[in-house]
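Engineer: predicted model and sequence below, questions to follow.
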Amino acid sequence: MSRPDTAVLSAHGVSLSYGRRPILESVDLAVRRREVLALVGPNGAGKSTLLSVLAGDLAPDEGEVRLDGTPLAQWKLRDLARTRAVLTQEHKISFPFPAIDVVRMGRSPWRGRPEEDHDERVVAEALATADVERLAAQPFGLLSGGEKGRTSFARILAQRTGVLLLDEPTAALDIGHQEAVLAEARTQAAAGAAVVVVLHDLTLAAAWSDRVALLHRGRVAAEGPPADVFTAPLLSLVYDHPIDVLPHPATGELLVLPDRRALIAREETA
Amino acid sequence: MTATVPGPALRAEAGAGRVADGTAALDRHRRRRIATLYAGLVGALVVAVLVAGGSGQLTIPLSEILGSIAHRLGIDAGPMPSHPNGEYTLWNVRFSRIAMAVIVGGSLAVAGAAMQGVFGNPLAEPSVVGVSSGAAVAAGFAIVFGLRFAGDWSIPVCAFVGGLVTTLLVYALSRSDGRTEVVTLVLTGIAVNAVAGALLALLMFLGDTQARESIVFWQLGSLNGSRWTYVVVVAPLAVAGVVIALACARSLDLLALGERSARHLGVNVEALRIVLIVVVALLTAAAVSFCGIVAFVGLIVPHLVRMVTGPGHRTLLVASFLAGALVLICADTVARTAVAYTDLPLGMLTSLVGGPFFFWLLRRTRRTSGGWA
């Protein structure tokens, strides 16, 4: 039996470059069960690439990724699909499948196994959790960006895996659904899952994650609980923009906000 | 006061129940549509076979066809064909031709559906992207140079190799980022068709009169002269192609999500691609080997079927086979009866209908900004 804090998914000295442009440089990262790990950082810092490497889509030039102690390269695709689910940023479809069929596709790795018997219940629960029940019969391609994102999220939930990799799951979602999706990520973690989530909104990351990894130019600049990593000087340096970190006046939660005074002053003098 | 608002868990459960009812109704509706379609197609096929069997220069009444079939099945009921050549015409000319129509139509429709699935593009079709012409060039080569290395199988084998090479070529040329843009696909098709057309012209130039005639006849596409020996040669190709395509149906559904997501769901995308490219080549070879280029069947049929059944590939492939067979039996019957004592080229007929349809589909696809909804 693995202890609850053992790393399920870990990157060891991962480096990757596109052509001569280095994207990731010797990244070490460990994701544990029962935790939500947020990957944050400015555009081009390597968040999505790191997620792709963790998902097994990209083979690193150096280093390796292990899932349950076994290097990803040695996993069979089908076993992998029953162990980890990936929510990509893009939600495209080539043919007019209704949303319900898209969610059902999440069950395909379980075909021919006893878990298959629960397909309908699992799919119904996933639809309800992602709040897309009323979209079930509509063609996926005709849904709005946010609705597509939620339907894809339902598909990931239907896959029922212990590891979830979510690439900007809150993109294009309204504020209520953003909270709902991340709350569900927390629920999954509480039930024993390891969740990695790429986020742009640092306040969201602070509110919903146990740990954050701040990426800067392909390296992990800082890693730890949000309160330790999200400090005004470090964020201002990494994002190359003045940033304030304040406690919420009522709840004490971290609020990460851009400091706009410099920009506004510049505009006024102009 | 006790709270009357149900907790979140309760709400989720009630929601799940409602969804189950809603989706059950959706599934029932879909199943009924599909069952109706299958019943309709099978019924129409039976009628089409009987009508096609009876019509032509020598008209054979329905009762005599049924009597002849019953007789062959060992049941002594109903009248036999009254005309002295009736029995021979029915079994050695018409039914073999009908069988060929079933194979060619079904194969082309399934090849189209499989190709659209693997390219993620509803406009992919063997004749549009030039796979049919590629197969035709290789088969024409076999005709002109009298290749007999594999007996009756020589032409189909050449057509298969030509189709395979062309499919691989188109695939490599028209894709970027795991997808095939409509424009790239159509332009690649133009280029491939142009080169294949030039090679066919060269073959005609090189060949003797007889070879030239058979190549011309072949570019036009016709089921004329379909004998049982040919049917026996191409039937295994068609069966193999359809069976393998059906085995890939679920993976094709997942591939609609894009290669990356399909991989995340456990699909070995690279292997699937190769298998399906071979399937397309097999089916195209089955269709092209003895009947030449019959265009657009693989485009129109899967599209119409998808409108009824939805895009799920298992139903799509089976229904496309039946509908393709039906379309070709009807088209061929028109081709050989529309003008007395003349066999109109079948490929000409399908292109006459398919060309404008392709154009409409292209416009529609463009309207939905290259996507497919």
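Structural biologist: Yep, it's here.
Engineer: what's the burial count for A:Leu29?
Structural biologist: 22 (other Cβ atoms under 10 Å in any protein chain shown). Where you see a C-beta, it was placed from the backbone N, CA and C, and this is true even at glycine.
Engineer: wait, isn't it in contact with A:Arg211?
Structural biologist: No - the criterion here is Cβ atoms under 8 Å, and A:Leu29 misses it with A:Arg211 at 9.9 Å.
Engineer: quickly list what's touching both of the two.
Structural biologist: Residues touching both A:Leu29 and A:Arg211 comprise A:37, A:223, with contact defined as Cβ atoms under 8 Å, 6 or more residues apart in numbering or on different chains.
Engineer: not counting sequence-adjacent ones, nearest residue to whatever residue of the stretch 101-250 of chain B ends up closest to chain A?
Structural biologist: Here the residue of the stretch 101-250 of chain B nearest chain A is B:Gly120; by Cβ to the nearest Cβ that distance is 3.8 Å. Excluding the flanking residues, the one nearest B:Gly120 by Cβ to Cβ, 6 or more residues apart in numbering or on different chains is A:Ser94, at 3.8 Å.
Engineer: try B:Val186
Structural biologist: Closest to B:Val186 by Cβ to Cβ, 6+ apart is B:Leu123, at 6.8 Å.
Engineer: distance check, A:Ala137 against A:Leu127.
Structural biologist: 11 Å (Cβ to Cβ, to the nearest Å).
Engineer: wait, A:Gly145
Structural biologist: Following Cβ to Cβ, the distance that separates A:Gly145 from A:Leu127 is 18 Å.
Engineer: and these two? which has more neighbours close in?
Structural biologist: Each of A:Gly145 and A:Leu127 has its neighbours counted (other Cβ under 10 Å); A:Leu127 has more, 31 against 11.
Engineer: from B:Glu64, how far off is the more buried one?
Structural biologist: Counting by Cβ to Cβ, the gap from A:Leu127 to B:Glu64 is 58 Å.
Engineer: over to B:Ala285?
Structural biologist: 36 Å.
Engineer: same check, this time on B:Val128
Structural biologist: For B:Val128, the distance to B:Glu64 - Cβ to Cβ - is 42 Å.
Engineer: looking at B:Ala285 and B:Glu64, which one has more neighbours?
Structural biologist: B:Ala285 (30 against 21).
Engineer: what ranges does the chain have for its strands?
Structural biologist: Going with chain A. For chain A, applying DSSP state E gives strands covering A:7-18, A:21-32, A:35-40, A:62-67, A:70-71, A:84-87, A:163-167, A:194-198, A:211-216, A:219-224, A:243-247, A:254-258.
Engineer: sorry, I should have been clearer: chain B.
Structural biologist: Using DSSP E, strands in chain B cover B:175-176, B:179-180.
Engineer: next, format those as JSON lines and append distance to chain A.
Structural biologist: Shown next, in JSON lines, are the strands of chain B (distance: least, Cβ to the nearest Cβ, whole Å):
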{"stretch": "strand B:175-176", "distance to chain A": "13"}
{"stretch": "strand B:179-180", "distance to chain A": "8"}
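Engineer: right, and those strands - which one's nearest B:Thr209?
Structural biologist: If you check each of these against B:Thr209 by Cβ to Cβ, strand B:179-180 wins as the nearest, at 41.0 Å.
Engineer: and the closest one, average pLDDT?
Structural biologist: For strand B:179-180, mean pLDDT is 67.
Engineer: for stretch B:140-147, same thing?
Structural biologist: According to the model, stretch B:140-147 has a mean pLDDT of 88.
Engineer: show me where chain B dips below the pLDDT cut-off.
Structural biologist: Applying pLDDT under 70 to chain B picks out residues B:1-22, B:177-179, B:366-373.
Engineer: cutoff 80 now
Structural biologist: B:1-24, B:152, B:175-183, B:217-218, B:362, B:364-373 (pLDDT under 80).
Engineer: the helix ranked longest in chain A and chain B in contact?
Structural biologist: Determined from DSSP state H, the single longest helix within chain A is helix A:175-190. No - remark: helix A:175-190 sits outside contact range of chain B, by Cβ under 8 Å from any Cβ of the partner chain, the gap being at least 9.9 Å.
Engineer: other SSEs contacting that helix?
Structural biologist: strand A:35-40, helix A:145-158, strand A:163-167, strand A:194-198, helix A:202-208 (3 or more Cβ pairs under 8 Å, 6 or more residues apart in numbering or on different chains; DSSP states H and E).
Engineer: export the last one to CSV, keeping only CA atoms.
Structural biologist: These are the backbone C-alpha positions of helix A:202-208, laid out as CSV (Å, rounded to 0.1, in the frame of the first residue of the first chain):
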residue,chain,number,x,y,z
LEU,A,202,-3.4,33.3,-9.3
THR,A,203,-6.2,34.1,-6.9
LEU,A,204,-8.0,31.0,-8.0
ALA,A,205,-4.8,29.0,-7.7
ALA,A,206,-4.3,30.4,-4.2
ALA,A,207,-7.8,29.5,-3.2
TRP,A,208,-8.1,26.0,-4.5
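Engineer: and the gap between the closest residue to A:Leu215 other than its chain neighbours and B:Ala99?
Structural biologist: Among residues not flanking A:Leu215 along the chain, A:Gly41 sits closest, at 3.5 Å (Cβ to Cβ, 6+ apart). Distance from A:Gly41 to B:Ala99, counting by Cβ to Cβ: 64 Å.
Engineer: the two - which one has more neighbours?
Structural biologist: A:Gly41 (25 against 21).
Engineer: need the contact list for that one.
Structural biologist: Applying Cβ under 8 Å, 6+ apart, the residues contacting A:Gly41 are A:47, A:214-216, A:221, A:238.
Engineer: before we move on, what about A:Trp208?
Structural biologist: A:36, A:38, A:182-183, A:185-186, A:197.
Engineer: repeat the analysis, applying 6 Å as the threshold.
Structural biologist: Neighbour list for A:Trp208: A:Leu182 [criterion: Cβ atoms under 6 Å, 6 or more residues apart in numbering or on different chains].
Engineer: A:Glu25 too?
Structural biologist: A:15, A:218-219.
Engineer: chain neighbours aside, what residue packs nearest to it?
Structural biologist: A:Gly218 (4.5 Å).
Engineer: and A:Thr203, by the same measure?
Structural biologist: A:Val256 is the one closest to A:Thr203 (Cβ to Cβ, 6+ apart), at 5.0 Å.
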